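**Student:** The amino acid sequence is not available; the structure is as follows:
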């Protein structure tokens, strides 16, 4: 991975074999990011995404292996109890044009991943919401 910072924007290249969420955390901690939005595209050959069923308060994960183009990766970087926290969703398409996506649990880069992180001047923490069963923004 390599990246450059331009004002409040980070442009990163995540390389073949690297895991995307791990690299987002690495950049965030190194740059002391407390609040940002993330956008990326690229290619993956191994990823896991989940869908949250609110009535069960449970995530169900789907694993995918093969050749996939990351058509959209978007989310936030912020904190929970003052510590690093990220919430990312990803969609990826196969060679037939079928797209699969959801809450990102893992994604290994197969060729490259081009990412832009826009840092927001501020802090928004999270807290667990009993009714929803998720960690929501706490203002």
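**Tutor:** That came in fine, so what should we check first? None of these values were measured; they are calculated from a predicted model.

**Student:** Quick check, central residue of the protein?
**Tutor:** In the chain, the residue lying closest to the centroid (CA atoms, centre = their mean) is residue 88, at 3.2 Å.

**Student:** State the pLDDT value of that residue.
**Tutor:** According to the predicted model, the pLDDT of residue 88 comes to 98.

**Student:** likewise residue 122?
**Tutor:** Turning to residue 122, the model gives it a pLDDT of 96.

**Student:** Just to be sure, it is in a helix?
**Tutor:** No - under the criterion used here (DSSP: H, G, I helix; E, B strand; the rest coil), residue 122 is coil, not part of a helix.

**Student:** my read: it touches residue 33, true?
**Tutor:** No - contact status for residue 122 versus residue 33: not in contact, 11.1 Å apart, counting by CB atoms under 8 Å. For the C-beta atoms, the positions are set from N, CA and C on the backbone; glycine is no exception.

**Student:** Compare neighbour counts for the two and give me the winner.
**Tutor:** The neighbour count for residue 122 versus residue 33, taken as other CB atoms under 10 Å, is higher for residue 33 (22 against 9).

**Student:** which SS state does that one fall under?
**Tutor:** If you use three-state DSSP, then residue 33 falls in the coil class.

**Student:** Quick check on it: phi, psi?
**Tutor:** Per-residue torsions, residue 33: phi -80, psi 130 (degrees, to the nearest 10).

**Student:** So it versus residue 72, what's the distance?
**Tutor:** With distances taken as CB to CB, to the nearest Å, residue 33 is found 21 Å from residue 72.

**Student:** I'd like to know the average pLDDT value across the longest strand anywhere in the chain.
**Tutor:** In the chain, ranked by residue count with DSSP state E as the criterion, the top strand is strand 58-80. Confidence for strand 58-80, expressed as mean pLDDT, is 97.
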